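K.L.:
Task: produce atomic coordinates for the following.
(one chain, ligands or ions: 1)
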Amino acid sequence: MNEIAIRTSGLGKRYRQQWALRGCDIEVPAGRVVGLVGPNGAGKSTLMNLVVGLLAPTEGELEVLGRPVRTSTVLHRVAYIDQEHTLYRNFRVREMVKAGRKLNQRWDDQVALDRLAELNIPLDSRISALSGGQRAQVALAVALAKQPDLLILDEPVASLDPLARRELMSVLMEAKADSGCTVVLSSHVVSELERLCDHLIVLDRGRVKLADDIDDLLEQHHLLTGPAAAADDVAGQVVHRDDRGDRVSLLVRGPRPEPGSPWDVQHVDLETLVMHYLTAAAPVRPQEVAA
Ligand SMILES: Nc1ncnc2c1ncn2[C@@H]1O[C@H](COP(=O)(O)OP(=O)(O)OP(=O)(O)O)[C@@H](O)[C@H]1O
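P.N.:
Got it, this is the predicted structure:
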């Protein structure tokens, strides 16, 4: 299947004078588990809110599951869990399930009820009386009962303790394996997502720094250490450079140096890769200078 779950072209969102997201070009193949990473204020929530139709773009194009978001019925194929876990706190769990049934065309009661039973969450409990981990699990059960083709989770584990995090992630991955839907998860922390995701988007100050399948990213990047005098001859894009006297360390996107070159070549792990992209100087684009 070659369907594209999310495609954006020149996508931008501005709040008054400030661009929260700009020049965003991404293409996420269907079926991926996508990690959306970046520091505070990078634009992660803004991008997610655009994808689920809660915000309208200021500029650019956005297609979700092959359709423009706001002009089609695509949104009933999308489920979204925000940082507050999108629940009515005065409702009982049973009432959340009932509301889901009423509001969603593709709703499957059994999906929600089976998951809640597996997690021992009583249907009579008030949402406000549940622990943070249980609330997150109810939100996930409700989202999965929508039978979405695209599931978006904005920092789903940020407020959870380590055990609740692990449990939520394991339920999520099990559900993903069952349904094959595309999942997008945001976090500040790469290590939190690394084991789960096969596609990565790195945002910083409203710009996409990196967007690709993780295997390809790790294949294409190398850490080189060698003589500073040879740095200008390295093939590929130097993402990050660290000078230490007459020696230099480079993170390079491109071909591996030939055997016999003066470079010591090492693989790069995902956390180091992202850190180097986030600390690399932001490129200045002509429209930013003019704006
Ligand atoms: N409703 C709003 N009005 C004005 N500015 C906003 C609004 N929402 C977000 N912003 C600004 O847009 C930028 C991107 O914010 P966004 O919430 O998308 O980032 P984020 O990566 O999700 O951050 P965090 O990790 O802190 O949640 C920030 O500078 C933020 O202050």
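
K.L.:
What helix or strand is Leu273 located in?
P.N.:
Secondary-structure assignment from DSSP states H and E places Leu273 in helix 270-279.

K.L.:
pull the CA atoms of that helix into PDB?
P.N.:
Taking only C-alpha atoms (Å, rounded to 0.1, in the frame of the first residue of the first chain), the coordinates of helix 270-279 have been written out as PDB:
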ATOM      1  CA  LEU A 270      19.200   8.400  17.100                       C
ATOM      2  CA  GLU A 271      19.500  10.600  20.200                       C
ATOM      3  CA  THR A 272      22.900  12.000  19.100                       C
ATOM      4  CA  LEU A 273      21.600  12.500  15.600                       C
ATOM      5  CA  VAL A 274      18.600  14.600  16.800                       C
ATOM      6  CA  MET A 275      20.700  16.500  19.300                       C
ATOM      7  CA  HIS A 276      23.200  17.500  16.600                       C
ATOM      8  CA  TYR A 277      20.300  18.700  14.300                       C
ATOM      9  CA  LEU A 278      18.800  20.700  17.100                       C
ATOM     10  CA  THR A 279      22.100  22.400  18.000                       C
END
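
K.L.:
got a list of what the residue in the stretch 101-250 of the chain that the ligand sits nearest to touches?
P.N.:
Distances from the stretch 101-250 of the chain to the ligand, computed as Cβ to the nearest ligand atom, single out His188 as the nearest residue at 5.9 Å. The way it works is simple: take the backbone N, C-alpha and C, and place the C-beta from them, glycine included. Contacts for His188 were tallied using Cβ atoms under 8 Å, 6 or more residues apart in numbering; they are 37-40, 155.

K.L.:
The ligand contacts on this protein?
P.N.:
Counting by Cβ under 6 Å from any ligand atom, the positions of the chain adjacent to the ligand are 15, 18, 20, 38, 40-46, 188.

K.L.:
Quickly list the domain ranges of the protein.
P.N.:
4-88+147-205, 220-290 (automatic domain parsing).

K.L.:
With Arg126 as the reference, name the closest of the ones you listed.
P.N.:
Nearest to Arg126 among these is domain 4-88+147-205 (9.9 Å), distances taken as Cβ to Cβ.

K.L.:
So what's the gap between the closest one and the chain middle?
P.N.:
Centroid displacement of domain 4-88+147-205 relative to its chain, using Cα atoms, centre = their mean, to the nearest Å, is 5 Å.

K.L.:
ends of that domain, how far apart?
P.N.:
Start to finish, the residues bounding domain 4-88+147-205 are 25 Å apart (Cα to Cα, to the nearest Å).

K.L.:
just the buried members of the residues of the chain next to the ligand?
P.N.:
Members of the residues of the chain next to the ligand that pass the buried threshold by neighbour count (16 or more other Cβ atoms under 10 Å) are listed as 20, 38, 42-46.

K.L.:
Okay, and which of the residues you listed map to strands?
P.N.:
Secondary structure defined by DSSP state E assigns Ala20 of these to strands.

K.L.:
Need the buried ones among the residues of the chain next to the ligand in TSV (columns: distance to Ser128 and pLDDT).
P.N.:
Compiled in TSV, these are given as follows (distance: Cβ to Cβ, whole Å; pLDDT from 0 to 100):
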residue	distance to Ser128	pLDDT
Ala20	31	97
Gly38	32	92
Ala42	31	95
Gly43	32	96
Lys44	27	95
Ser45	24	94
Thr46	29	96
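
K.L.:
Least reliable of the domains of the chain by average pLDDT, please.
P.N.:
Note on the domains of the chain: domain 220-290 shows the lowest mean pLDDT, a mean of 85.

K.L.:
tell me the most buried of the domains of the chain?
P.N.:
Most buried of these by mean neighbour count (mean count of other Cβ atoms under 10 Å) is domain 4-88+147-205; its value is a mean of 18.
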